[in-house]
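Asks: got a sequence here, can you model it:
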Amino acid sequence: MGRRVRVAVLISGGGSNLQALIDATAAPDSAARIVLVVSNRADAFGLERAARAGIPSRVIDHRMFPDRATFDAALGAALREVGTELVCLAGFLRILTTDFVESWRDRMLNIHPSLLPAFRGLDTHARALAAGARVHGCTVHLVRPELDTGPILVQGVVPVQGDDTAERLAARVLEVEHRCYPRALELVASGRTETLGETVQVRDPRPGERLVLHPLLRE
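Replies: Here you go, the predicted model:
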């Protein structure tokens, strides 16, 4: 395996998607290596996950800064300090400034718990149930300044069951999130994606490689 792409993961909480990325990038043939985990909360359990994996971490508390721009400047400095090449947002509960997002254009990934462009924003599972959606899921996408927009990389589909609650549905979506995010990161880190306008094209697709994960589709 050649040189691995240096990845930073930004978190605010438990970090279950961070754990999925840690596990995937631990494989010797992974194109990515996590070099830093940053949290805006000192009590985020994801920091413990990073410590267990031997990954350096930083706490940059947004409450210590007068505005978003100065917080983002500190965040950017921390990323540059370790030579970050790709950024993964994994439950990072801060809205980033346009300047920051544009500085990482096509190099910053996010995972959102819906099949974008449906159900942008919060409370996606309850909204999907209220709308009578037959399927729900998650989307890994490249980040743009407008919230929950950007070229789609990988999506995971979860059928909605008749007795679902928002919590039950969320748990099933989270399972597929843990499969989608590592797949999307590997695609980008391996240099096999090309952004054409607001869509992503995958070069040299591998046998059996899917950009949509669904329980009825074989891996």
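Asks: need the single longest helix in this structure, by residues.
Replies: If you go by DSSP state H, the chain has its longest helix at helix 166-189.
Asks: I'd like the next helix or strand past that helix.
Replies: strand 193-196 (DSSP states H and E).
Asks: sheet partners, orientation included, of that next one?
Replies: strand 199-202 (antiparallel) (DSSP bridges).
Asks: ok, and for the partner strand, which residues are buried?
Replies: 200, 202 (16 or more other C-beta atoms under 10 Å). Every residue, glycine included, has its C-beta placed from N, CA and C.
Asks: show residues contacting that strand.
Replies: Here strand 199-202 makes contact (C-beta atoms under 8 Å, 6 or more residues apart in numbering) with 142, 151-153, 187, 192-195, 209, 211.
Asks: mind checking how far it is from the chain centre?
Replies: 17 Å (C-alpha atoms, centre = their mean, to the nearest Å).
Asks: what mean pLDDT would you report for it?
Replies: When pLDDT is averaged along strand 199-202, the result is 94.
Asks: quick check: what element follows that strand along the chain?
Replies: Downstream of strand 199-202 (by DSSP H and E), the next one is strand 212-213.
Asks: could you break this protein into its assigned domains?
Replies: 1-104, 111-219 (automatic domain parsing).
Asks: lowest average pLDDT across the ones you listed?
Replies: domain 111-219 (a mean of 93).
Asks: which stretches in this protein count as strands?
Replies: Secondary structure of the chain (DSSP state E): strands at 5-11, 32-39, 57-59, 86-89, 108-112, 135-142, 152-159, 193-196, 199-202, 212-213.
Asks: what is the burial count for residue 74?
Replies: 16 (other C-beta atoms under 10 Å).
Asks: I meant residue 81, not that one.
Replies: By other C-beta under 10 Å, neighbour count at residue 81 equals 10.
Asks: skip the chain neighbours and tell me the closest residue to residue 136.
Replies: Leaving aside its sequence neighbours, residue 136 sits nearest to residue 128 (C-beta to C-beta, 6 or more residues apart in numbering; 4.4 Å).
Asks: what residues are up against that neighbour?
Replies: Contacts of residue 128 by C-beta under 8 Å, 6+ apart are 114, 118-119, 136, 160, 169.
Asks: from residue 204, how far off is residue 116?
Replies: 25 Å (C-beta to C-beta, to the nearest Å).
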